[in-house]
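*Asks:* just a sequence and a predicted model for now, questions to come.
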Amino acid sequence: MTDIRYLAPTTVDEAVSAFAAATGAASILAGGTDLLVQMRSGVRKPGTIIDIKKIPALTAIEDLGGGAFRVGAAVSGAVLAEHKGFAKAWPGVLEAINLIGSKQVQGRASPGGNLCNSSPAGDSVPAMVAAGALVTIQGPNGKREIPVEAVPAGPGRTTLTPGEIVVSLTFPARPAGSSDAYLRMIPRTEMDIAVVGIGVNLTMEGGVVKAARVGLGAVAPTVLLVEAAAKALIGTKLDDAALEAAAAACRAACNPINDKRGTIVYRTKVAGVLLKRTAAIAAARAGGN
Amino acid sequence: MNDMSNKWIGTRTIRPDGADKVTGRATYSADNTMPGMIWGKILRSPHAHARIKSIDTSKAEALPGVKAIVTAKDFVDFPLDKSVMLGIQDMRWMARNVMAKEKALFHGHPVAAVAAINEQVAAEACALIAVDYEVLPHAIEIEDAIKPDAPILHDWVQHEGKPSNIAGTMVLKTGDIEKGFAEADIIVERTFTTRPVHQGYIEPHACTVSHAADGRVTIWSSSQGQFMVRAMTALLTGIPQSNIRAIPAEIGGGFGAKTIVYLEPVAVLLSKKSGRPVKIVMSRDDVQRATGPAPGSLMTVKIGAKKDGTLVAAKGEFYLQAGGLPGSPLRGPVGCSFAAYAIPNILSTGYDVVSNRSKVAAYRAPGAPHGAFAAESVLDEIAEKLGIDPLDMRVRNSAKPGDKAIYGPNFGDVTFIETVDAIRKHPHYKAPLDKNPRPGVKRGRGVASGFWYNAGGESSVQVNITEDGNVVVTTGHPDVGGSRASIANVVAELLGIEHGRVNVIIGDTQTIGFSNLTGGSRVTFASAMVATSACEKVVAQLKDRAAKIWKIEAEAVKWEDGMALPAGDNAGKFPPLSLKDLAAKANEMGGPIGNQTQLNTTGADPGFATHCVDVEVDVDLGIVRVLRYTAAQDVGRALHPGYVEGQIQGGVVQGIGWALSEEYLYDKNGKVDNATFLDYRMPVCSDVPMIEALVIEIPNSKHPQGVRGVGEAPIVPPLAAIANAVYDALGKRFTALPMSPPKVVERLEQAD
Amino acid sequence: MSKTHVTTTINGEPMEFLTDGASSLLDVLRGPLGLTGTKEGCGTGDCGACSVTVDGRLMCACLMLAVEAEGKSIGTIEGMAQGETLHPLQQKFLEMAALQCGICTPGVLISARSLLEKNPDPTEEEVRFGLAGNLCRCTGYDKIVRAVLETAADMRESAR
């Protein structure tokens, strides 16, 4: 067993310089719900652990007005759930984050961690992709902002460069008539990894879809933004033909694997089924906004 | 001694071990430490099937902090050609399961063990042990293991004169099967498969062991039998039983799987070699990979009936996985599948199939749920095809008292019909069910029954009156789910005292006489029987003491409400003597008051259960959810109704997991691919409804309180009941478990 | 191996310990601190047997590093009863036979307490989802759910 250093910096700059200095031998600790399991199984053997929860920006929830929010990358699902404004603006994102594991896990797990763990089945990611959230990243070469869907590079891999840390997630302002939803298929009612997960974000006007985004998880090496599905919904009243076209677009976007959690055939079918159900929920919510 | 006016028997008293368990003070197997203790760790095979050519431990031994290393050569040798049995376990296989000898037979099979100053050093040392393996082709599934060209696990196993992975068979028959089918108006034959399922106890196996300089051994571990731990450890290490004190820690679930040892003999040898107490704790990964699940099965059941529903012939072929070493529970499906029915012609055959999986262990009614899944599904189909209510069909064919059971004896009581009637009359069975509640959602109702032998066997108890006139009862059986509470009820009742004055503890192997395993639904039956006998003797002693004090005949004393009273001609002549009074005078009147009773108990009558379940299916996603569940069972007498209901409710939910979501998945290298609670999907709280337990109490006339046994039967019907309900919802028979979402969707897309 | 000195509060009492960077809170509770009431069933956050509260929030002790306990307030099963007075949940679990083997019980009780603090009047469904992170293999959950619902009703009654 190697000696593990534990650092708990209080500024992003400190964290970034420590992370960069460790040259790949460090792991970032937010909620730790993936990291501790990976350390225990020997998948990850960090020399240094950098706990980012003492950095104010990483644990802050900022209401930017008009439904826009900036959420620190290490905010836990349980804390976010207690923010009434966020729950009203982004119910789909919130329900996705709070499907990550049990109540116990939600006390720790964060959207930033879920994103950086880069599992194609991470629950919060399709919802954040659908939301059009932007990720603020800081590294040795400064700050940058990219869309959520640009972060995952493959299972367990991100596009972050050495020394870079996800600082926060910014959710855009909400036009009237907007809302979102997230559904996943799991065999049990709780405590499972998504076999398919789908986030749908809609803006409705007079019963017609004005804007749409669809994020699809667990059906490809990374979470997908399915633009064809969104296109099939925009301009429609979510009639059966539109929903079927969007479902077909989701099925077409699937590039899954057979594994212990699901088969290619099953995942592909379910992607279409869930698109229809999720869109219906998002539309109903949007109607109330 | 048993009626509904009992003051304590049949009441929901607070268990003697309760306060410790809700405050975190109860000590389970991993909670113990010993002075100077070091840590043991097991090196496990990375291959599913490999010959062990050599093991070089020199580098590991040289690592600072390493105190001892053991391999198979340190254990007592059990040659392959000579069987040594302990109960149903053959020590040839037990020894090789605890530590691989000639071959590693599954991924995770122990090949060596290390004791070191801490867990990290022990793990490092394991990595330094060089095992030279000759990797062999492996077979995981039954179908692959019985193919003509299958890799043979054991060259000493022969079936029909050829090397084979069929390590044993069991046949039960009655009548003339061919003639029986010739008489049938309808015959249904189906082939079924079930996947191995783990018992899923939350407490991983663990032990703390001390081998002292004088050769005396203390083992602290949780099991379903401290005497089993002592006996197996003695056999595998060569240490006499008199030198082994096995202390039963509180057990965090067993369900049958803790009726064998994994760690204790290893820890004893590590402790002997190192001269230090040794603690070993399995990880969840170890538990899922290398401890016994219940077997998977491949079964064909054929049943013939007359038009009126009378069953005339039944044939079953049951292939069960044994794991890497022989010993699957053939007695379960072969003996139980048709046992509840009066069928004149039966041929029931079981095959014990070895393959490169961890050795199976008992799991609640071992083997019976498999057989019931097959037989009760076929019965459901016959009833449907004949247009007969499935419960009526069961009543019509129930075995009768005095009938010769397929497994040998003549039945005493047969209380099967009573369980069927309980369901038939229950509002659940009569309630209307909306089969199409919403688009894309279907509902269905199913029923099934189950049978389990139940058991008696050896049991010891001490009932001691304390000097201050209270009672301590010591039994020899680990308490897996409330047996102390039940015995406290019995003893308080029989001695006529307040429940709170009776304390019940579990003795260790050196403080109480031999007591057989907690398993097979036998402990409440056996321990209540011996406790009753001991209490009767204690009461006789107490009456005798009172007689001496009063200087009258003992026969002239009666015991009532915890007091000796002069009776007959002497009635009212002396003030009553309470238990406290008599205890206070114990020494002047002849010494301590108490009794040890040891019996090989007999008279266990079988258990019957009938269940009814409603399910809802999300047709597009293939998700099956249980909406309502009612389980009827004749338990004889519920000494503590809360824990009787709990056995039924727990067994049912394990059955729901078995039917819908639990299974072992292997990768192409023969490695378990879902060795976590994340991917081994046991039901969580939100997956299941309330489970209504209909506790039927028809006293067993051969037991002082009428106890029959309860723990096994509840897991027998659920697999078939749920499959029958899914059929009712979807119109498709499911012959393969689990009915997981992808399989349900796939099945819905198949034509019949 | 260098160790970190951690000062924390456990069940309202100040506590100090030394730990390496790899040990979980569960390792330290069960090991050096001797608080074995918190159980380890899986080590991966999937069974809830190690449920504790950290600054009032429900967590799995196996998913938190021991060093993170610095300055926090930890609640374990050993702190649930007030002296000889059991918490209403503990008492109700005993009365209603809501435990069999008892290994999951400490975690279930901690979770249930946390649930009732947030939601004093839960529906059956809310209890079931609230306890979904706590595996119990013995009871089939029936008596656990009933005990939590009854305790909630009693506590509401006595708070009136």
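*Replies:* It's in.

*Asks:* how is the chain carved up into domains?
*Replies:* Since you didn't name a chain, this refers to chain A. A:5-50, A:57-171, A:178-287 (automatic domain parsing).

*Asks:* wait, chain C
*Replies:* Domains of chain C are assigned by automatic domain parsing as C:4-79, C:88-159.

*Asks:* make TSV out of those domains and add mean neighbour count.
*Replies:* To be clear about C-beta, it is placed using only N, CA and C from the backbone, and glycine gets the same treatment. As requested, the domains of chain C are exported to TSV (neighbours: other Cβ atoms under 10 Å in any protein chain shown):
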stretch	mean neighbour count
domain C:4-79	22
domain C:88-159	23
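
*Asks:* ok, which of the ones you listed comes nearest chain A?
*Replies:* domain C:88-159 (2.3 Å; Cβ to the nearest Cβ).

*Asks:* which residues in the stretch 101-250 of chain A form strands?
*Replies:* Secondary structure of the stretch 101-250 of chain A, counting by DSSP state E, counting those that start in this stretch: strands at A:134-139, A:142-147, A:152-154, A:157-158, A:165-171, A:178-185, A:196-205, A:208-217, A:224-225.

*Asks:* output the below-cut-off pLDDT ranges for chain C.
*Replies:* C:1 (pLDDT under 70).

*Asks:* so B:Ser223 makes contact with B:Val261?
*Replies:* Yes: using Cβ atoms under 8 Å as the test, B:Ser223 is close enough to B:Val261 to be in contact (7.4 Å).

*Asks:* anything in contact with each of those two?
*Replies:* Counting by Cβ atoms under 8 Å, 6 or more residues apart in numbering or on different chains, the shared contacts of B:Ser223 and B:Val261 are B:Val229.

*Asks:* nearest to chain B among the strands of the stretch 101-250 of chain A would be which one?
*Replies:* strand A:178-185 (5.7 Å).

*Asks:* tell me the mean pLDDT for the closest one?
*Replies:* Per-region confidence: strand A:178-185 scores 98 on mean pLDDT.

*Asks:* do the same with stretch B:326-337
*Replies:* Averaged across stretch B:326-337, the pLDDT comes to 98.

*Asks:* picking that back up, out of the domains of chain C, flag the one nearest chain B.
*Replies:* Here domain C:4-79 is closest among the domains of chain C (Cβ to the nearest Cβ), at 1.8 Å.

*Asks:* now do the end-to-end distance for that closest one.
*Replies:* 25 Å (Cα to Cα, to the nearest Å).

*Asks:* same question for stretch B:146-162.
*Replies:* End-to-end distance (Cα to Cα), stretch B:146-162: 12 Å.

*Asks:* what's the answer for stretch A:191-211, then?
*Replies:* 33 Å.

*Asks:* returning to what we had before: save the domains of chain C as CSV, and put in distance to chain B too.
*Replies:* As requested, the domains of chain C are exported to CSV (distance: least, Cβ to the nearest Cβ, whole Å):
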stretch, distance to chain B
domain C:4-79, 2
domain C:88-159, 3
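
*Asks:* would you convert those into TSV that also reports distance to B:Thr532?
*Replies:* Output for the domains of chain C, formatted as TSV (distance: least, Cβ to Cβ, whole Å):
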stretch	distance to B:Thr532
domain C:4-79	35
domain C:88-159	23
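
*Asks:* right, and these - which one's nearest B:Asp81?
*Replies:* domain C:88-159 (39.6 Å; Cβ to Cβ).

*Asks:* nearest to B:Phe192, out of the domains of chain C?
*Replies:* So among the domains of chain C, domain C:88-159 is nearest, using Cβ to Cβ, at 24.7 Å.

*Asks:* is that closest one up against chain A anywhere?
*Replies:* Yes: for domain C:88-159, a contact with chain A is found by Cβ under 8 Å from any Cβ of the partner chain, at C:Ser111, C:Ser114, C:Leu115, C:Phe129, C:Gly130, C:Ala132, C:Gly133, C:Asn134.
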